[in-house]
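Asks: Just the structure for this:
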Amino acid sequence: MKTLKTLSLLLFFLPFLVSCAKEKLTKATQTGANTFSCKINGKVYVAKTSLLSPGLTGGLRGAPGRYEFEVEAVVYSSGNNDNYTIGLSSGPGISEGVYPISSGYVDPNTGYYIRYNPNNATINFTHIDYAQHIISGTFSFTAVNTKDANDVIAITDGRFDMKN
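Replies: This next block holds a predicted model:
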């Protein structure tokens, strides 16, 4: 009877314990793991597939000598209560190294943010395998709400590892 009571309590509290788990950034891999994560104003967000969204699309695009990168990710905070759609792209002709983000946006469904300072908007391609279409790296940028110029968010510690 005591075991049954203990098991019942554990089953009751298990969802609360799981939902309180602190979200972590995805591992910085270079294998084409199709991962994407970042911090938005210091809070961790991770790309996840849902019924309405594949979670992560894009990758390496183009042809030799003209390859570029574009990605769109739907990222969720711990508990999946709030989410953002983040889009990034680079210009053509990329290889491993640091590049400015040619376009970037964040859509939290409450206002539309765009990157506004190219000096603070970079992608560091840490691994590119053109034959396997694997691209990995890090990114960061700041963005301003198009409806309120005083509403600025910081996207930091971003990382991705994609294969398309």
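Asks: Could you check the pLDDT of Gln62?
Replies: Wrong residue type there; residue 62 is Gly, not Gln. As predicted, Gly62 sits at a pLDDT of 89.
Asks: Might one say that it is in contact with Glu68?
Replies: Yes: shown here, Gly62 and Glu68 form a contact pair, counting by Cβ atoms under 8 Å, at 5.2 Å. The C-beta positions use only the backbone N, C-alpha and C, and glycine is treated the same way.
Asks: Need the residues touching each of these two.
Replies: Pro92 (Cβ atoms under 8 Å, 6 or more residues apart in numbering).
Asks: buried stuff in the helix or strand hosting His127?
Replies: Secondary-structure assignment from DSSP states H and E places His127 in strand 122-129. Residues of strand 122-129 classed as buried by neighbour count (16 or more other Cβ atoms under 10 Å): 122-123, 125-126, 128.
Asks: could you redo the residues you listed as CSV and give each row pLDDT?
Replies: Below are the buried residues of strand 122-129 laid out as CSV (pLDDT from 0 to 100):
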residue, pLDDT
Thr122, 93
Ile123, 95
Phe125, 97
Thr126, 97
Ile128, 96
